[in-house]
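Enquirer: return atomic coordinates for the entry below.
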Amino acid sequence: MQPEQTEALLFDFDGVIVNTFDASFEINQINNPLLTKKDYLSHFEGNIYEAMKNNDTVYRPNTVSNFFNHYNQRLLNHSLDDEVAKAVKSLANNFIMFIVSSSSDSGIRGYLAKHNLEKCFVEIFATEAGFSKTEKITTIFKTYQLPQAKCLFITDTLGDVKEASKAGVESIGVTWGYHPIETLRKGNPYAIIESPAALPKAIDAYFEKIKSEDGKA
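Expert: Just a heads-up that it's a prediction; the model follows:
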């Protein structure tokens, strides 16, 4: 069924909804003692699964399944920031919203359900839907018949900004997740914000710009 809204928000999960960096790094370091925080962060400057493929001396066979066995258990212990929850619930009233993530579907669903956010999102595109966020984003605007300009990706990593750009979708970078503002700037996102409270205003500004450009066409 086609949603009434014609503008879509695509949310990354880790780092945007909940900051899981420390837990994720610790789990990976157990399996890969050579891994440093600097190296781990650098892997999110592109597609994380491509980074894993290209670093087989650091990431070992079965790392993904082993990682999520630990990750899903630890995820539920993470609290939800009140401002993030407020922003997500408010935005869900005006936009069709999706999760586009490299994490597992079951972990994401469990966390959203625990914090009463599951109804805010129409669909979740997790690792089970593919490793490429570019492809998952493309699937969204094709499946829901959404123009690329009417989709906006909310993310905390440079790699996601790059993948969204490949799909023809603009991004808003947030600084409360994995990458700092200096790293996010390298991808030239539409905007970078430093608090969840600033998210609705930045989103509205983007779609007002799109409407203005459509009016001039």
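Enquirer: distance of the residue nearest to residue 167 when sequence neighbours are not counted from residue 126?
Expert: The spatially closest residue to residue 167, leaving aside those adjacent along the chain, is residue 137, at 4.1 Å (C-beta to C-beta, 6 or more residues apart in numbering). Where C-beta positions appear, they are placed from N, C-alpha and C, glycine not excepted. Computed with C-beta to C-beta, to the nearest Å, the distance linking residue 137 and residue 126 is 13 Å.
Enquirer: just for this structure, where's the confidence low?
Expert: 1-5, 54-65, 216-217 (pLDDT under 70).
Enquirer: how does it divide into domains?
Expert: Per the record, the chain has its domains at 8-19+80-216, 21-75, by automatic domain parsing.
Enquirer: out of those domains, deepest packed?
Expert: domain 8-19+80-216 (a mean of 19; mean count of other C-beta atoms under 10 Å).
Enquirer: which non-adjacent residue is nearest residue 86?
Expert: Using C-beta to C-beta, 6+ apart, the nearest residue to residue 86 is residue 196, at 7.3 Å.
Enquirer: hang on, that neighbour packs against residue 84?
Expert: Yes: at 4.7 Å, residue 196 and residue 84 qualify as touching, with contact defined as C-beta atoms under 8 Å.
Enquirer: re earlier: tell me the SS of the residue nearest to residue 167?
Expert: Classification of residue 137 using DSSP: H, G, I helix; E, B strand; the rest coil returns helix.
Enquirer: measure it to residue 36 for me?
Expert: From residue 137 to residue 36 the distance is 30 Å (C-beta to C-beta).
Enquirer: same deal with residue 101?
Expert: Applying C-beta to C-beta, the value for residue 101 to residue 36 is 24 Å.
Enquirer: quickly list what's touching both of residue 196 and residue 84.
Expert: When C-beta atoms under 8 Å, 6 or more residues apart in numbering defines a contact, no residue borders residue 196 and residue 84 alike.
Enquirer: which secondary structure elements does the helix or strand encompassing residue 90 contact?
Expert: If you go by DSSP states H and E, residue 90 is part of helix 82-91. For helix 82-91, the packing partners by 3 or more C-beta pairs under 8 Å, 6 or more residues apart in numbering; DSSP states H and E come out as helix 199-216.
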